[in-house]
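Participant: Could you work out the structure for the sequence below:
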Amino acid sequence: MPVATATLAGAIFLGASGDVATWPDRPAQPPVAPEALDRGQADSRETASALHVAPSPLIQRLPHGRTARKATAQLLRAQVRAVLPHDPRAFTQGLEFRNATLYESTGLVGHSSVRAGSPGRPSTVHAELPAPLFGEGITVVGDRLWQLTWRNGIAIERDPRTLQERGRVTYQGEGWGLCHQRVAGQDRLIMSNGTDRLTFRDANTFAVTGRISVRQDGRPVTHLNELECAPDGFVYANVYPTDTIKRIDPRTGIVTAHIDASALLTPSERREAKQLNGIAAVPGTDLFLITGKNWPRAFRVAFVPSS
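Facilitator: Numbers count the residues shown, from 1 in each chain. Down below sits the predicted model:
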């Protein structure tokens, strides 16, 4: 198995150094079904295409035979509290805090990585993924860091201190986002695959333990991407390729809030940046750190009523 190398060369956030290189475009992929978007090349697609919805039923079917009437999701917006520099070369796939350490994963074949360090500063540990792996979401649970891959069907287990690879497990389908949640004293992982489905997995073995479909106003919400299992018990999901985040009740799959995270970048920054992708709860606060693929900045935000 490849061994990750620790280096000071990688950076979670760009410091005061000079010119920035541009990542090459994602290598061409074989034709795929329309619902399986190539997320490295879909920037020109209409934002609305990310949300495919079915006719809205009056009653939503929940697990274990329970039903519930539709609940209207709360409308929130991202209110900026602080701005930090972010490496615009990073094709960000996921963010997560462990105490004061921020972990970030990046994608693209031949350029995928995982980094760790203090937010707003160069990383202190950096590990690359060899081609043909395409890095995706990450999460830290106990003494493990799990890292997904997009279409490779491989989850990599790493040492969260050194980022050295410990082993690999396989899974079916695509890997997009990943987060860790503690429920009734037990750890579990929650994984997205670009559909409306969230999969629950064993935190130690990565085995599937359950699934749930995500609904807003009774309709499926697809293209769920980067995930954050927050201390408030909800799962926050970026919706690719939009500037929106959904707050999801993992017990029912119901979206309880629709969060507008648009207008964070200036028009000139937006021309060079790609999609919103990266959300991490800031420990000890009710704030979140959010950024995106090739964004030059990250934002510490509060989610407040849009009115």
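Participant: how about the helices in the protein?
Facilitator: Assigned by DSSP state H, the helices in the chain fall at 267-272.
Participant: where does it dip in pLDDT?
Facilitator: Within the chain, the stretches with pLDDT under 70 are 1-70.
Participant: Let me see the contact set for the residue sitting nearest the centre point of it.
Facilitator: Nearest to the mean C-alpha position of the chain, counting by C-alpha atoms, centre = their mean, stands residue 226 at 1.7 Å. Going by C-beta atoms under 8 Å, 6 or more residues apart in numbering, residue 226 touches 93-95, 137, 176-177, 192, 237-238, 277-279. Bear in mind the C-beta positions are built from the backbone N, C-alpha and C, glycine included.
Participant: Have a look at this protein and report its longest strand.
Facilitator: Ranked by residue count under DSSP state E, the longest strand found in the chain is strand 74-85.
Participant: for that one, which positions count as buried?
Facilitator: Using 16 or more other C-beta atoms under 10 Å as the test for burial, strand 74-85 gives 76-78, 84-85.
Participant: From those residues, pick the one nearest residue 141.
Facilitator: residue 84 (25.4 Å; C-beta to C-beta).
Participant: now that closest one, nearest residue through space, not along the chain?
Facilitator: residue 120 (4.0 Å; C-beta to C-beta, 6 or more residues apart in numbering).
Participant: any idea how far residue 194 is from residue 217?
Facilitator: 21 Å (C-beta to C-beta, to the nearest Å).
Participant: Can you report how many residues lie near the closest residue to residue 205 other than its chain neighbours?
Facilitator: Once flanking residues are discounted, residue 205 sits nearest to residue 169: 7.3 Å by C-beta to C-beta, 6+ apart. Neighbour count of residue 169, defined by other C-beta atoms under 10 Å: 14.
Participant: cool, and residue 255?
Facilitator: By other C-beta under 10 Å, neighbour count at residue 255 equals 24.
Participant: In contact with the nearest residue to it once chain neighbours are set aside, which residues?
Facilitator: Nearest residue to residue 255, sequence neighbours excluded (C-beta to C-beta, 6+ apart): residue 216, at 3.8 Å. The contact partners of residue 216, taken as C-beta under 8 Å, 6+ apart, are 73, 246, 254-255, 258.
Participant: Most neighbours of all those, which one?
Facilitator: In terms of neighbours by other C-beta under 10 Å, those top out with residue 255 at 24 neighbours.
Participant: Might you report the residue contacts of residue 208?
Facilitator: 171, 199-202.
Participant: Using TSV, please lay out those together with neighbour count.
Facilitator: Conversion of those to TSV gives the following (neighbours: other C-beta atoms under 10 Å):
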residue	neighbour count
171	19
199	20
200	18
201	22
202	13
